[in-house]
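Participant: this is the structure alone, sequence omitted:
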């Protein structure tokens, strides 16, 4: 598996990225581990196609660790991306990353499912977001050749990701509904969770404790 990852990444895997791979493998079920690896490989290719200069180590670790809290053990209290971002930042600080690179890792994880922001951040964050969104919803899939996409998927199969990811999203809504009202999990609550009702931003504005 590691040889396959190195071959597709196009470079010899350094110890820091290997540790992130091992951590992701230990934290994620197989379908999700394959997803984070594919997302990273797609992000690398988007960077090459678009000629985006970036820190390859930051991109790798941020993308590999972006879903370490997306599992049925998660129960909040904050949204899973923020909890995961804190864990990822602690991980790279132990590797000796400085504050700037650690913050890029945090942003990569926290914003990976918010492309309306993440795609406009620093190159490492934008590429991470792009790779993740390509693998989940096919965003900008035509930027990479069909043959290359197929090779990556064959090497790291999806393993019924749509079904398994949906089940996990629904679990998060059921276990920690307060973390889902202002993000994409709200859609899964509306569609799949009986009696789910997200807090409305309109109600919040109207209920603000001011006289105007």
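Facilitator: Sure thing, it's come through. Here the structure is a predicted model, which is why all the values come from computation and not from measurement. Numbers count the residues shown, from 1 in each chain.
Participant: model confidence score at residue 1, please.
Facilitator: For residue 1, the model assigns a pLDDT of 66.
Participant: need the helix or strand of the chain with the lowest average pLDDT.
Facilitator: The weakest-scoring helix or strand in the chain, judged by mean pLDDT, DSSP states H and E, is helix 2-9 (a mean of 81).
Participant: surely residue 170 meets residue 192?
Facilitator: Yes. Using C-beta atoms under 8 Å, residue 170 is in contact with residue 192, at 4.9 Å. Using the backbone N, CA and C atoms, a C-beta is placed for each residue, glycine as well.
Participant: between those two, who's got more neighbours?
Facilitator: Per other C-beta atoms under 10 Å, whichever of residue 170 and residue 192 has more neighbours is residue 170, with 17 against 14.
Participant: how near is the more buried one to residue 84?
Facilitator: 18 Å (C-beta to C-beta, to the nearest Å).
Participant: got the residue ranges for the helices in this protein?
Facilitator: Under the criterion DSSP state H, the chain carries helices at the ranges 2-9, 15-27, 30-49, 56-64, 80-94, 99-110, 115-118, 123-137, 146-155, 161-175, 185-192, 201-206.
Participant: deepest of the ones you listed, which one?
Facilitator: Most buried of the helices of the chain by mean neighbour count (mean count of other C-beta atoms under 10 Å) is helix 56-64; its value is a mean of 27.
Participant: quick one on the thing from earlier: including distance to residue 70, could the helices of the chain go into a markdown table?
Facilitator: Formatted as a markdown table, the helices of the chain follow (distance: least, C-beta to C-beta, whole Å):
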| stretch | distance to residue 70 |
| --- | --- |
| helix 2-9 | 20 |
| helix 15-27 | 9 |
| helix 30-49 | 6 |
| helix 56-64 | 13 |
| helix 80-94 | 6 |
| helix 99-110 | 11 |
| helix 115-118 | 16 |
| helix 123-137 | 11 |
| helix 146-155 | 20 |
| helix 161-175 | 6 |
| helix 185-192 | 10 |
| helix 201-206 | 25 |
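Participant: could you tell me the least trusted of these?
Facilitator: Of all those, helix 2-9 has the smallest average pLDDT, which comes to a mean of 81.
Participant: please name the nearest non-neighbouring residue to residue 43.
Facilitator: residue 131 (2.9 Å; C-beta to C-beta, 6 or more residues apart in numbering).
Participant: next up, the contacts around that neighbour.
Facilitator: 38, 39, 40, 41, 42, 43, 44, 46, 63 (C-beta atoms under 8 Å, 6 or more residues apart in numbering).
Participant: how about a cut-off of 10 Å?
Facilitator: 36, 38-47, 59, 62-63, 66, 112, 139-140, 144 (C-beta atoms under 10 Å, 6 or more residues apart in numbering).
Participant: same deal with residue 177?
Facilitator: 76, 185, 186, 189, 193, 196, 197, 198, 199.
Participant: which residues does the one residue sitting closest to the centre of the chain contact?
Facilitator: The centre of the chain sits closest to residue 66, judged by C-alpha atoms, centre = their mean, with a distance of 3.8 Å. Listed by C-beta under 10 Å, 6+ apart, the contact set of residue 66 reads 24, 35-36, 39-40, 81, 84-85, 88, 105, 108-113, 128-129, 131-132.
Participant: the nearest residue to residue 78 once chain neighbours are set aside: neighbouring residues, count only.
Facilitator: Nearest non-adjacent residue to residue 78, counting by C-beta to C-beta, 6+ apart: residue 179, 6.2 Å away. Residue 179: 21 surrounding residues under other C-beta under 10 Å.
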